[in-house]
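Novice: Give me a 3D structure for the following:
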Amino acid sequence: MEILPIAHIKSDFDGKFGIPRQSGVVPELVSYVVFEPEYASEDAVRGLDGFDYIWLIWEFSANRHDKWSPTVRPPRLGGNTRQGVFATRSPYRPNRLGLSSVKLDAVLHTEHGSVLRVLGADLLDGTPIYDVKPYIGADVHAGVRFGFASGEWERQLEVRIEPELLERIESDKRNALLGVLAQDARPAYKADSDHVYGLSFAGHNIRFTVADGILTVTGIE
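Specialist: Next up, the predicted model:
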């Protein structure tokens, strides 16, 4: 079977570092599903505005590789414990397909066709989208097990940033940035308090350090 992208995502992440490890972790993040001309018809999204959430099926386009491994090391387990690739959401998969549940904020009808505004996406800017499906009641299962992913999904940091630095970020993106920083983008095995990290977000380079559970923004370029 040959599949081609029906759309691409427009997001504030032009680099992999800092992207939430799971959709919905930072609900303030705004992204757009921009359909290819062939699929941008209003008819193709008719009725979609009656759903609060949708599934996006996409490609880990920044992790293209020739080989795959039957086991991977999930960041959630510290990056040192191996699990079967099919027990994880690792990007290093035989077919590089990803799955994200995102909130459908609006179905927009533009001069270039239909566009979906979504919240909480965990996707790199330009990621190819292969399908969009509605999230329905049958997708919700109560009392199920979550394996090694049980418990709180993300580590949370206290974020400290001087007001004059935060003002360099567009006002409608500030809460999203704070949410991204709080979810701790560092590898689980990285705990160097002297290291200065750089995160690319919404066209800005965010510089920060982390020590004792506190993330301090040191600069925004």
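
Novice: Pull out the buried positions in the longest helix seen in the chain.
Specialist: Criterion DSSP state H: the longest helix present in the chain is helix 174-182. Residues 174, 176, 177, 178, 179, 180, 181, 182 are the ones in helix 174-182 that count as buried (16 or more other CB atoms under 10 Å). Heads up, the C-betas are built off the backbone N, CA and C, glycines and all.

Novice: can you pull out the helices in the protein?
Specialist: Taking DSSP H as the criterion, the chain contains helices spanning 163-166, 174-182.

Novice: other SSEs contacting the shortest one?
Specialist: Helices and strands touching helix 163-166, as assessed by 3 or more CB pairs under 8 Å, 6 or more residues apart in numbering; DSSP states H and E, comprise strand 214-220.

Novice: what sits up against the strand it packs on?
Specialist: Residues outside strand 214-220 that contact it (CB atoms under 8 Å, 6 or more residues apart in numbering): 157-162, 165-166, 168-169, 181-182, 184, 196, 204-210.

Novice: any idea of the mean pLDDT in that strand?
Specialist: Mean pLDDT, computed over strand 214-220, is 95.

Novice: to the chain's geometric centre, what's the distance from stretch 43-51?
Specialist: Relative to its chain's centre, stretch 43-51 lies at 23 Å (CA atoms, centre = their mean, to the nearest Å).

Novice: How about stretch 169-183?
Specialist: Per CA atoms, centre = their mean, the centroid offset for stretch 169-183 relative to its chain is 14 Å.

Novice: Send me that stretch as CSV with only the CA atoms.
Specialist: Provided in CSV are the C-alpha atoms of stretch 169-183 (Å, rounded to 0.1, in the frame of the first residue of the first chain):
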residue,chain,number,x,y,z
ILE,A,169,7.1,36.2,23.3
GLU,A,170,3.8,37.0,21.5
SER,A,171,1.1,37.3,24.1
ASP,A,172,-1.0,34.5,22.7
LYS,A,173,1.9,32.1,22.9
ARG,A,174,3.2,32.8,26.4
ASN,A,175,1.1,30.2,28.3
ALA,A,176,2.0,27.6,25.7
LEU,A,177,5.7,28.3,26.2
LEU,A,178,5.4,28.1,30.0
GLY,A,179,3.6,24.8,29.6
VAL,A,180,6.3,23.5,27.3
LEU,A,181,9.1,24.5,29.7
ALA,A,182,7.3,23.1,32.7
GLN,A,183,7.0,19.6,31.2
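
Novice: Not counting it itself, show me its contacts.
Specialist: 12, 18, 20-21, 25-30, 154-159, 161, 166, 199, 201-202, 204, 206, 208, 215, 217, 220.

Novice: coming back round to it: distance to residue 96 and mean pLDDT added to the helices of the chain, as JSON lines?
Specialist: Output for the helices of the chain, formatted as JSON lines (distance: least, CB to CB, whole Å; pLDDT from 0 to 100):
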{"stretch": "helix 163-166", "distance to residue 96": "36", "mean pLDDT": "95"}
{"stretch": "helix 174-182", "distance to residue 96": "24", "mean pLDDT": "95"}
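
Novice: closest to residue 103 out of those?
Specialist: helix 174-182 (13.2 Å; CB to CB).

Novice: May I see the domains of the chain written out as residue ranges?
Specialist: 7-139, 158-220 (automatic domain parsing).

Novice: coming back round to it: adding distance to residue 37, write the helices of the chain out as TSV.
Specialist: As requested, the helices of the chain are exported to TSV (distance: least, CB to CB, whole Å):
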stretch	distance to residue 37
helix 163-166	39
helix 174-182	29
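
Novice: Good, wrapping up.
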